[in-house]
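1. 3D model of this:
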Amino acid sequence: MTAALPIRPDDGLGTPASVMVDTGSGPHPRQTGPHPHHVVVAPGGRFALVADFGADRVFVYRFDRGTRVLSADEPIGPRSYAVPPGSGPRRLHFHPDGRTLYLLNALTADLHILDWNPWNGRIALAQTLSTDSPEYTGTKSAAELGTSRDGRFVYTSNRGENTLVVFTADQRTGRLTLAQRIPCGGLSPWSFTIHRSNRWMFVANQVSSSVNLFAIDLRSGKLTDTGNSMPVPNPDCTTIPAF
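-> I've put the predicted structure just below:
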């Protein structure tokens, strides 16, 4: 289920303006039914995209910014982008150009670079890259996805190999090239947050119960483990307030 909730003047949440229920399933034991994992509003505010882990799809809903209402765009249901069965879509992120969309799949630990049409909400696959190293043969598991503010670099976390992976983005096409793969400083990097300055990354290593600090090189986008960390019981998310 995906809900749109208005934010009241007192910053509380109002009654849902609309609720959409995805449909579908996948072949993995964890995909017995739909499981919306991440929602993003496309640049321009006309569409909301839902990465559904259980249905192996990215659903595209019309979004009315005035009424906060989500709606299917087609009589038979919302349009969608289907990933290979058993992929498990987990995270979505738009490149600043507004026409390139990145999708991270959890169960296959790969990254789909997608062409986004902002006028009709259609998605087309342009490139696929693995976040695993070529020699890795263990269980695949990717978790977090993010970009630098200028869109020059894309970052993912890989829970199977306990790594952070850096890609360089072509500023004309949004296509990616592997730049770095580095240990995450702990076990199971469930999430990370990039500071507004683009100079720091906070990594939530869930199994090792720590939040680790990485420095980001502004020119290359590459990461360096600072050696600084904070013990936090099983962290699975980090965020930095907007103020």
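2. any weak-confidence spans in this structure?
-> 76, 242-243 (pLDDT under 70).
3. mind redoing it with 80?
-> Across the chain, residues meeting the criterion (pLDDT under 80) sit at 73-77, 241-243.
4. Thr168 contacts Gly151, doesn't it?
-> No. Judged on CB atoms under 8 Å, Thr168 makes no contact with Gly151 at a distance of 10.7 Å. To be clear about C-beta, it is placed using only N, CA and C from the backbone, and glycine gets the same treatment.
5. For stretch 187-201, measure first residue to last.
-> 16 Å (CA to CA, to the nearest Å).
6. Hmm, I typed the wrong one, I wanted stretch 40-59.
-> So stretch 40-59: terminal residues 11 Å apart, CA to CA.
7. One more: stretch 93-104?
-> Note: stretch 93-104 ends 9 Å apart using CA to CA.
8. Nearest residue to Val83 in space, please, no chain neighbours.
-> Asp56 (5.2 Å; CB to CB, 6 or more residues apart in numbering).
9. residues contacting that neighbour?
-> Shown in contact with Asp56 (CB atoms under 8 Å, 6 or more residues apart in numbering): Gly24, Gly26, Gln31, Ala82, Val83, Pro84, Pro85, Gly86, Ser87, Gly88, Pro89.
10. Who are the contact partners of the spatially closest residue to Ser80 that is not a sequence neighbour?
-> Distances taken as CB to CB, 6+ apart place Arg57 nearest to Ser80, at 4.3 Å, with adjacent residues excluded. Counting by CB under 8 Å, 6+ apart, Arg57 makes contact with Asp22, Gly24, Ser80, Tyr81, Ala82, Val83, Pro89.
11. ok, now Asn205?
-> Residues counted as contacts of Asn205 (CB under 8 Å, 6+ apart) are Asn162, Cys184, Gly185, Gly186, Leu187, Ser188, Pro189, Trp190, Val211, Asn212, Pro235.
12. quick one: contacts for Asn198?
-> Counted by CB under 8 Å, 6+ apart, Asn198 has contacts Ser148, Arg149, Asp150, Ile216, Leu218.
13. hmm, back to that, I'd like the list of the contacts of Arg57 that fall within helices, please.
-> The members of the contacts of Arg57 all map outside helices under DSSP state H.
14. Residue nearest the middle of this protein, spatially speaking?
-> Arg91 (2.3 Å; CA atoms, centre = their mean).
15. separation between that one and Leu49?
-> 11 Å (CB to CB, to the nearest Å).
16. and what of Thr100?
-> For Thr100, the distance to Leu49 - CB to CB - is 13 Å.
17. quick one: which of these two has more around it?
-> Legend: neighbour count by other CB atoms under 10 Å for Thr100 and Leu49, higher for Leu49 (27 against 24).
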